[in-house]
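Colleague: Please work out how this folds:
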Amino acid sequence: MNENEKIKEIVKYLFEAGQLSEVKRGGDLLLGIDNPQTVAEHSFRAGVVGYFIGKLEGINAEKVALIALFNDMHESRIGDLHKIAQRYVDQNKAEKNAFEEQAGKLPDGIKKELIANFHSLQSDKTPEGVAARDADLIENALQYKEYLEKGHKEAQNWINNVRKLVKTKAAKQMVNAIEKTDSHSWWKGLKKIER
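Modeller: Presented below is the predicted three-dimensional model:
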């Protein structure tokens, strides 16, 4: 593949990544959320969460963030399947096929890294993969806490499920803190009040 072909394939991949801003989260739709989170929004915050989990766990935080950021790329092709849809579809096979096909035309070094990262998250065999999976789950807990505060009582069920699934010490601590923290607390005290 010559340099122009490499760039063209990367640009096509980037356009496809942009499609994630159009894909709504399936679980949000089940809850009846009026303006569901997009996969792009989820992926961005999952990458940020991954960085912090990596730092707290003393592992390669940049790799955790990268894995979490790219984790749901396949959803531009297959959508975000909620848990009920997953009863009828072999989700792991569909995700693997879509992800590998997407990365397949990228330059070799990039392709190999992205696919290896994807497999590390799917298999739970590397500390970074486990942490990235936790980052994905913690982002869900953050989002569902925000929905809970907006009156969507069923969102608590998602938070409860996250608590059961996370594996790292940092993620377990985060779930506890998420439940005890007002999602608006970050800005309280920052407002400038003038007389």
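Colleague: Check what pLDDT Glu194 gets.
Modeller: pLDDT, Glu194: 73.
Colleague: Counting neighbours, what do you get for it?
Modeller: For Glu194, the neighbour count with other C-beta atoms under 10 Å is 3. Heads up, the C-betas are built off the backbone N, CA and C, glycines and all.
Colleague: same check, this time on Gly104
Modeller: Neighbour tally, Gly104, other C-beta under 10 Å: 10.
Colleague: got the end-to-end distance for stretch 171-189?
Modeller: Start to finish, the residues bounding stretch 171-189 are 27 Å apart (C-alpha to C-alpha, to the nearest Å).
Colleague: make that stretch 26-40, sorry
Modeller: Length of stretch 26-40, first residue to last, C-alpha to C-alpha: 13 Å.
Colleague: can you pull the buried residues of that stretch?
Modeller: Neighbour counts over stretch 26-40 (16 or more other C-beta atoms under 10 Å) mark Gly26, Gly27, Asp28, Leu31, Ile33, Pro36, Gln37, Thr38, Val39, Ala40 as buried.
Colleague: now, among those residues, which is nearest to Thr181?
Modeller: Using C-beta to C-beta, Gln37 is the member of those that lies nearest Thr181, at 18.7 Å.
Colleague: Looks like that closest one contacts Gly27 (just checking).
Modeller: No - if you go by C-beta atoms under 8 Å, Gln37 and Gly27 don't touch, sitting 9.1 Å apart.
Colleague: Show the secondary-structure elements that the lowest-mean-pLDDT helix or strand in the chain is packed against.
Modeller: Among the helices and strands of the chain, helix 26-31 carries the lowest confidence by mean pLDDT, DSSP states H and E, at a mean of 85. Contacting helix 26-31 under the criterion 3 or more C-beta pairs under 8 Å, 6 or more residues apart in numbering; DSSP states H and E are the following elements: helix 127-149.
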